[in-house]
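1. please find the sequence and the predicted model below.
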Amino acid sequence: MKLKDIENLTLYFEDLNVGDTFITPGRTVTEADVTNFAALSADWNRLHVDAEFARQSQFGQRIAHGLLVLSIVSGLTTRLPLIKFIEKSLIALANLECRWLKPTFIGDTLHAVVEIADKKLSSKGDRGIIIMKRTGMNQRGETVMESEWKLSMRTRAGA
């Protein structure tokens, strides 16, 4: 396969298989990330921005916003070649569910494990739903976040 062919590659619903798994590079959560996210979201909860308050909490230090962690995992996922290859066949994000299992601290390095967890063809056959599980992991190998993304995608027939 030539580079030109790879750059123009489009993956469709039927090209993804349940169990396909991809791992992103890592990214360290910084003080600037937390401060900028607090400003952007207007979420100035003291667990995120007040070191003294957070030190006395059950976490013992400030934690990153859950939605910031979700955003970082989403951003890391876009760095996978998979996402570039499905761009032209992707119709919409149909649903997103997320849960946070452990806190993420400033200085933690996150990466995402992305798995095709399920898929179902529509009755028309021109599209299908892919369930993409995205798991946020820290540098200690702990799962900090689990999410399921339901993506509507074209089939080759629907392209």
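-> Noted; the coordinates are in hand. Just so it is clear, the model here is predicted, and its values are computed rather than measured.

2. could you say what helices and strands the strand or helix carrying Phe37 packs with?
-> If you go by DSSP states H and E, Phe37 is part of helix 31-41. Other helices and strands packing on helix 31-41, by 3 or more C-beta pairs under 8 Å, 6 or more residues apart in numbering; DSSP states H and E, are helix 46-49, helix 66-77. Using the backbone N, CA and C atoms, a C-beta is placed for each residue, glycine as well.

3. single out the most deeply packed of those.
-> Ranked by mean neighbour count, these are led by helix 66-77 with a mean of 19 (mean count of other C-beta atoms under 10 Å).

4. tell me the first helix or strand C-terminal of it.
-> Toward the C-terminus from helix 66-77 - assigned by DSSP H and E - lies helix 81-86.

5. hey, C-alpha coordinates of that following helix in CSV?
-> Coordinates of the C-alpha atoms in helix 81-86 are reproduced here as CSV (Å, rounded to 0.1, in the frame of the first residue of the first chain):
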residue,chain,number,x,y,z
PRO,A,81,-5.1,6.8,13.0
LEU,A,82,-8.4,4.9,13.5
ILE,A,83,-10.2,8.2,14.0
LYS,A,84,-8.8,9.8,10.9
PHE,A,85,-9.8,6.7,8.9
ILE,A,86,-13.4,6.8,10.1
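
6. any idea of the mean pLDDT for that helix?
-> Here helix 81-86 scores 94 as its mean pLDDT.

7. touching the helix or strand that comes right after it from outside, list them.
-> On the C-terminal side of helix 81-86, the closest following helix or strand by DSSP H and E is strand 90-100. Contacts to strand 90-100, defined as C-beta atoms under 8 Å, 6 or more residues apart in numbering, come from residues 66, 69-70, 127, 129, 144-154.
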